[in-house]
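Visitor: heads up, no residue letters with this:
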């Protein structure tokens with residue numbers, strides 16, 4: 001048993017979808033649980049639908065959604081012949097699920113509507129890919145993952161109900177493999193006990209695959225990407241990016257924590273708990289070795305660079321110049337928990353606290369309002385957070401030269417710099 005995950009870049013065009021059968025056919029007779037993400041930039045497009053809807057622009061939301069519909073219908077028409085009509089019925093059901101919601105007036109939180117709309121991207125892509133595989137002679141069983149993965153109602157970053165999910169894997173998924181070599185489902189999404197759709201955090205398809213790998217006691221998990229494997233920095237930003245042939249669980253967790261988009265932060269724990277290796281392999285050349293992630297110790301790793309844009313630096317200053325003590329700090333951490341914000345960096349001084357955060361305006365506003373009870377609050381936007389693991393002076397100087405540093409933290413292994421990049425000065 002192996003668990004495969006194909007990301008959005010692997011299914012963002014008909015040519016790339018046509019590449020999937022060749023990969024699966026290289027594993028004849030293997031039992032494969034295949035997790036697939038939304039196509040290309042579909043999640044971004046659906047996010048714009050939610051924004052328009054929650055801002056009261058229902059006609060615009062429906063127009064934006066019609067573009068998503070048309071793109072998927074065109075993909076299905078191009079790929080499918082014998083399975084087109086059946087797939088059209090399935091896609092239409094998913095379209096209706098969203099349109100029914102968009103015709104109503106929003107009365108719940110943005111995060112709730114986000115999950116109800118954005119989850120459709122994975123359902124649409126998997127319906128089309130499953131039908132295409134069947135049309136090319138690869139038998140597979142499509143399943144709605146919302147019937148399997150149960151979560152709480154922490155919309156946009158839902159927590160897994162492991163007991164219920166395990167029961168569903170045992171009673172629904174495992175029996176399917178008695179008659180199918182391939183079971184195909186969605187990443188990123190789940191559902192509450194009230195059958196409301198949830199998402200597991202951006203790029204959460206990796207985590208979905210890890211959940212299945214853990215509960216199925218898989219031999220390994222393989223993530224198929226449009227790069228050779230895990231690189232030491234983003235090859236789109238750094239032409240000299242290097243492949244890292246081996247990593248361990250701890251290092252990947254560190255990379256994910258600091259914002260690397262290679263592996264979803266929650267992916268590693270379910271694998272580590274059962275010693276399941278994770279492979280990151282090239283979608284375009286299945287014969288390349290890629291990267292293997294395991295539990296062994298490693299030395300002499302290259303500098304690993306993570307850049308996060310759209311950062312906010314919140315400056316908190318005690319109102320009466322008293323020391324930042326236990327009570328205001330406890331209040332601040334309670335606010336972070338209530339607003340479901342994970343700081344990217346916190347630095348404290350005698351009378352000040354600085355917090356670097358992803359720019360989520362709705363959450364930032366709530367946090368600032370709550371913090372104003374104890375602190376004077378100032379907010380800086382349009383910043384960049386640079387993190388370098390295993391840094392050296394040469395790469396540090398090269399990456400920060402010419403930029404204005406607002407905040408810096410440094411340990412023997414890691415340096416983090418919040419800065420204004422050239423051209424971003426206000």
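Guide: The structure has been received and is ready for your questions. Keep in mind the model is a prediction, meaning the values are calculated, not measured.
Visitor: Confirm residue 82 sits in a helix?
Guide: No - membership of residue 82 in a helix is not supported by DSSP: H, G, I helix; E, B strand; the rest coil, which gives coil.
Visitor: Quick one: residues contacting it.
Guide: Applying Cβ atoms under 8 Å, 6 or more residues apart in numbering to residue 82 gives the contacts residue 135. For the C-beta atoms, the positions are set from N, CA and C on the backbone; glycine is no exception.
Visitor: ok, now with 10 Å
Guide: By Cβ atoms under 10 Å, 6 or more residues apart in numbering, residue 82 lies in contact with 131, 134, 135.
Visitor: Show the pLDDT at it.
Guide: Residue 82 is assigned a pLDDT of 96 by the prediction.
Visitor: Residue 426 too?
Guide: Residue-level confidence at residue 426 comes out at 39, pLDDT.
Visitor: what do you get for residue 423?
Guide: Per-residue confidence (pLDDT) for residue 423: 59.
Visitor: now residue 110
Guide: At residue 110 the predicted local distance difference test score is 95.
Visitor: Give me the number of neighbouring residues for the closest residue in space to it that isn't next to it in sequence.
Guide: Once flanking residues are discounted, residue 110 sits nearest to residue 54: 5.0 Å by Cβ to Cβ, 6 or more residues apart in numbering. If you count neighbours by other Cβ atoms under 10 Å, residue 54 ends up with 19.
Visitor: same for the lengthiest helix in the chain, what does it pack against?
Guide: Of all the segments assigned as helix in the chain under DSSP state H, the longest by residue count is helix 58-79. Taking 3 or more Cβ pairs under 10 Å, 6 or more residues apart in numbering; DSSP states H and E as the contact definition, the neighbouring helices and strands of helix 58-79 are helix 14-17, helix 42-54, helix 84-102, helix 110-118, helix 120-135.
Visitor: Can you redo these as TSV, where the extra columns are distance to residue 212?
Guide: Putting the helices and strands packed on helix 58-79 into TSV (distance: least, Cβ to Cβ, whole Å) gives the following:
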stretch	distance to residue 212
helix 14-17	21
helix 42-54	20
helix 84-102	22
helix 110-118	20
helix 120-135	14
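Visitor: Poorly predicted segments of the protein, please.
Guide: The model of the chain has pLDDT under 70 over residues 423-426.
Visitor: Find the centremost residue of it, please.
Guide: Within the chain, one residue has its C-alpha closest to the average C-alpha position: by Cα atoms, centre = their mean, that is residue 203, at 1.4 Å.
Visitor: Can you verify my assumption that that one contacts residue 261?
Guide: Yes - with the criterion set as Cβ atoms under 10 Å, residue 203 and residue 261 qualify as a contacting pair; they are 6.5 Å apart.
Visitor: just to revisit the earlier point, give me whichever of the helices and strands packed on helix 58-79 is most buried.
Guide: Among the helices and strands packed on helix 58-79, ranked by average contacts under mean count of other Cβ atoms under 10 Å, first place goes to helix 120-135 (a mean of 25).
Visitor: Just name whatever secondary elements the helix or strand just after that helix is in contact with.
Guide: Next along the chain after helix 120-135, taking DSSP states H and E as the criterion, comes strand 141-142. Helices and strands touching strand 141-142, as assessed by 3+ Cβ pairs under 10 Å, 6+ apart, comprise helix 120-135, strand 182-186.
Visitor: between these, which gets nearest to residue 222?
Guide: Of all these, strand 182-186 sits nearest to residue 222, with 13.6 Å by Cβ to Cβ.
Visitor: relative to helix 120-135, how tilted is the closest one?
Guide: Note on geometry: by axes from the mean of the first three to the mean of the last three Cα atoms, to 10 degrees, strand 182-186 and helix 120-135 are set 160 degrees apart in direction.
Visitor: Show me what the next helix or strand after strand 182-186 is packed up against.
Guide: Where DSSP H and E defines the elements, the next helix or strand beyond strand 182-186 is strand 189-191. Strand 189-191 makes packing contacts with helix 110-118, helix 120-135, strand 197-199, helix 205-215 when contacts are defined by 3+ Cβ pairs under 10 Å, 6+ apart.
Visitor: which of the residues in strand 189-191 are buried?
Guide: Within strand 189-191, the residues that qualify as buried by neighbour count (16 or more other Cβ atoms under 10 Å) are 189, 190, 191.
Visitor: next one: stretch 313-329
Guide: The neighbour-count criterion (16+ other Cβ under 10 Å) identifies 313, 314, 315, 316, 318, 324, 328 as the buried residues of stretch 313-329.
Visitor: just those residues now: which is nearest residue 386?
Guide: Using Cβ to Cβ, residue 313 is the member of the buried residues of stretch 313-329 that sits closest to residue 386, with 13.2 Å.
Visitor: ok, now which ones touch that closest one?
Guide: Residue 313 makes contact with 344-345, 347, 354-357, 378-383, 385, 406-407, 418-420, according to Cβ under 10 Å, 6+ apart.
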